[in-house]
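Q: sequence plus predicted model, see below.
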Amino acid sequence: MAVALLAPVSDFAQGSTAKTSAPAASQHSVHETGDAPSAHRIGVPADVAFPGTIRLQVDATDIAHRVFQVRETIPVTAGRSLTLLFPQWTTGDHTPNGPLDKLSGIVITANGQRLHWVRDTVEVYAFRVNVPKGIATLDLEYQYLGSTEPRVGAVLITPTMLDLQWQTVVLYPAGYYSRRIQFEASVILPKDWQFACALDGAVRADDRVGFARVNLETLIDSPLMAGRYFKQITLSDSPVPVRLDIVADDPSGLESTSDVQRDYAKLVTEAHDLFGAHHYDHYDLVLWLADDFGPVYYEHHRSGENSGPSNLLQTWNQPRTNRGGMAHGYVHSWNGTFMRPAGMWTPNFNTPERDSMLWVLEGLTMYWQDILTARSGMSTRQDALASFASLSAEVSNDAGTQWRPLEDVNNDPLILFRRPQSWPDWQRNMFDAYSQGEMIWLDADTLIRQRTADRKSLDDFARSFFGQHAGSYATETYTFEALVAALNSVLPYDWATFFHSQLEETGPGGRIDAIARGGYQLVYDDKPESPRIAGGPVDLSYSVGMIVAAKGRIANVGWRGPAYAAGLIPGATIVEVNDHPFESDALYAAAEATSRGVPMRLSVQNGKSKETVTIDWNGGVRYPHLQRIPASTAYLDEILTARSPAGQ
């Protein structure tokens, strides 16, 4: 099938032939602090090779203070101004989130002489320095200050493990495509620590590890995990190696891996069956196990970062264990890194993304995450149906759809930068593009199956669109029109109108046509899918309209629901339930009793103010479920069924 793709925009192998004309980078004096802001102060990246190779060394041994000491040597042209950039955007993050606040201690020297540098006052991720005559290289020293506690950011360095994300420790020259800048990287690890990394050519001498020369795009796409307690498990050798790399904060955390190995091996098999091709020469599923580490989550072409609690492997077969996250990052190797929406590709890490197709990159990935988790046996069919019930209820009860269409929600990472919200179901946020996007793709899958009598499905689209060019590491970009053309090759249909209607529509509730077409209907009753945890959080989202966390803190209040109407707000604390001290079980019992006509009276503390309110609700507790529609075709069951013998 011919698909209207743009030229390849990256290549893990050296020597990509893609060329794009662009103006040469602008040059500015480092003293232009009084100039008016300009749209081109930094210069447009050009698809030309940076002359020479940059050497980068990271000393990661100061785990006590959680500090990386960095040295960088950069070839330069004497007598010219050089602009260095700290990465602001990272592929997969969708927002300008580079931890500039953790870059400290910058000292630049040439032939032992310290040089003056100036931060650009508009593009604050850019640093300018004049290169004296007779100078061929600049030597840089600086630190990355890892978070010492969650209050200041994700904790990625502890006494037993670390996550070296190269974008946090690199400065690179402006004016070039990332794939045209070459780096030789090395890291000094704490004594006797083991490591895993997607970078090739690792050579270890004592505790120093050096890697083969690679372009900046590949370097940043290849984080390094290291730890005191490490295990690597081969999940598959065919057609290329896929490994599970685990670091734990205690040796006992590495025990009980046989079921984990079995389940992830099935995941790999089912993913290969779905896409019909791979776009890596090896892949590492990376997993940190600790209670004081992360959160961390990035997806990459040849690896994926994930973290979990220290006892994850020991509780693997217990209900409620979250197993889908690593499937999400794995799917992104096809949808997001190999194939990427054109607006979400950028020539370097300081060019803004355009997130208008977030509903494809993330929504479709969420869909296949849940499908592959079920097909591999990592979750049961009932677990998957419960997940779709929760998703359907969320989408159909999302108050914000009354005013804010999904096409605008896609822009949310650029608006809020993931700030906390007081009224998320009314304001909406980027994760609605994940959930509503997933429902759009379930809608497309069931529609294809229904109109072709189950002879075709979204699996056929996956193989033709994301499975093409097997073995190629070159990222390819696509447009909305290319997406529509690919779907039309599976089922001729007005896909453009199909997508636009869901992206642009507003009104009460969201579309859940796919559930009925899949042979089910969304219903509510008073029985949760999983048993409540005594003393745990109380989720009354679809009844009273709030979620209450430990110690009575109100975590969420539904927009204009019963709790909202009573004057409750997130952040307030329930101190009494029907004149008795707050307990989560008492709150749940009070919500149940409303179905028998018993009023729910709460005493609530908000700052120094305390008041008693009565919730106007008489429906008890309600939880969403999927119920089979008699005499209908259960396409949803077929979607969740394993494809390969190993997944059955």
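A: Perfect, thanks for sending it. As the structure is a prediction and not an experimental result, all values here were calculated from the model.
Q: point out where the stretch 301-450 of the chain drops to low pLDDT.
A: Of all residues in the stretch 301-450 of the chain, those with pLDDT under 70 make up the ranges 319-322, 416-418.
Q: swap in the chain?
A: For the chain, applying pLDDT under 70 flags the ranges 1-41, 296, 319-322, 416-418, 646-648.
Q: in it, where's the longest helix?
A: Longest helix in the chain by number of residues (criterion: DSSP state H): helix 431-451.
Q: so which elements touch it?
A: helix 358-361, helix 363-375, helix 381-396, helix 406-409, helix 458-461, helix 495-504, helix 513-517, helix 635-639 (3 or more CB pairs under 8 Å, 6 or more residues apart in numbering; DSSP states H and E). C-beta: built from backbone N, CA, C; applies to glycine.
Q: rerun at 7 Å
A: Counting contacts by 3 or more CB pairs under 7 Å, 6 or more residues apart in numbering; DSSP states H and E, helix 431-451 packs against helix 358-361, helix 363-375, helix 381-396, helix 406-409, helix 458-461, helix 513-517, helix 635-639.
Q: which one of those lies closest to residue 325?
A: Proximity to residue 325 (CB to CB) singles out helix 363-375 among these, at 8.1 Å.
Q: pull out the buried residues from the helix or strand containing residue 58.
A: Here residue 58, judged by DSSP states H and E, is contained in strand 53-62. Neighbour counts over strand 53-62 (16 or more other CB atoms under 10 Å) mark 54, 55, 56, 57, 58, 59, 60, 61 as buried.
Q: and the fifth one, how far from residue 249?
A: Using CB to CB, to the nearest Å, one gets 22 Å for the distance from residue 58 to residue 249.
Q: and the last one, by the same measure?
A: Distance of residue 61 to residue 249, given as CB to CB: 18 Å.
Q: what does the second one give?
A: The span separating residue 55 from residue 249 equals 32 Å under the rule CB to CB.
Q: what's the answer for residue 51, then?
A: Distance of residue 51 to residue 249, given as CB to CB: 44 Å.
Q: which of these two has more neighbours?
A: residue 249 (20 against 11; other CB atoms under 10 Å).
Q: touching, that one and residue 160? I think so.
A: Yes - between residue 249 and residue 160 a contact is recorded at 4.4 Å, counting by CB atoms under 7 Å.
Q: mind jotting down where the helices sit in the stretch 501-648 of the chain?
A: 513-517, 562-565, 584-593, 635-639 (DSSP state H, counting those that start in this stretch).
Q: okay, the second one in CSV with CA atoms only?
A: Put plainly, it is helix 562-565. Extracted in CSV, the C-alpha atoms of helix 562-565 (Å, rounded to 0.1, in the frame of the first residue of the first chain):
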residue,chain,number,x,y,z
PRO,A,562,-24.3,16.6,44.2
ALA,A,563,-21.1,17.2,46.2
TYR,A,564,-20.4,20.4,44.2
ALA,A,565,-24.0,21.6,44.8
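Q: helix, strand or coil for residue 425?
A: Following DSSP: H, G, I helix; E, B strand; the rest coil, residue 425 is assigned to helix.
Q: does it touch residue 399 like I think?
A: Yes - with contacts counted by CB under 7 Å, residue 425 reaches residue 399, the gap being 5.1 Å.
Q: so what sits against both of those two?
A: When CB atoms under 7 Å, 6 or more residues apart in numbering defines a contact, the residues bordering residue 425 and residue 399 alike are residue 559.
Q: what does the longest helix of the chain contact?
A: Contacts of helix 431-451 (CB under 7 Å, 6+ apart): 358-359, 362-364, 366-367, 391, 394-395, 398, 406, 409-410, 456-458, 490-491, 502, 510-514, 517-518, 635, 639.
Q: one more: stretch 501-520?
A: Identification of contacts with stretch 501-520 by CB under 7 Å, 6+ apart yields 388, 392, 395-396, 398, 401-403, 405-407, 436, 439-440, 442-443, 446-447, 450, 521-522, 626-629, 632-637.
Q: and stretch 189-204, by the same measure?
A: In contact with stretch 189-204 (CB under 7 Å, 6+ apart) are residues 60-61, 63, 207, 209-212, 214, 222, 224-228, 230, 232, 245, 284, 286, 300, 302-303.
Q: just the buried ones among these, please.
A: 60-61, 63, 207, 209-211, 214, 222, 224-228, 230, 245, 284, 286, 300, 302-303.
Q: and the helices and strands packed on helix 431-451: which comes nearest residue 468?
A: Going by CB to CB, the one of those nearest residue 468 is helix 458-461, 11.5 Å.
Q: quick one: contacts of stretch 584-603?
A: Residues from elsewhere that reach stretch 584-603 (CB under 7 Å, 6+ apart): 532, 534-538, 540, 543-544, 548, 574-578, 580, 610, 612-615, 617-621.
Q: give me the buried subset of those residues.
A: 538, 540, 543-544, 548, 574, 576-578, 613, 615, 617, 621.
Q: tell me how the chain divides into domains.
A: The chain is divided into the following domains under automatic domain parsing: 12-227, 266-514+643-648, 538-621.
Q: and these, which is most packed in?
A: domain 266-514+643-648 (a mean of 20; mean count of other CB atoms under 10 Å).
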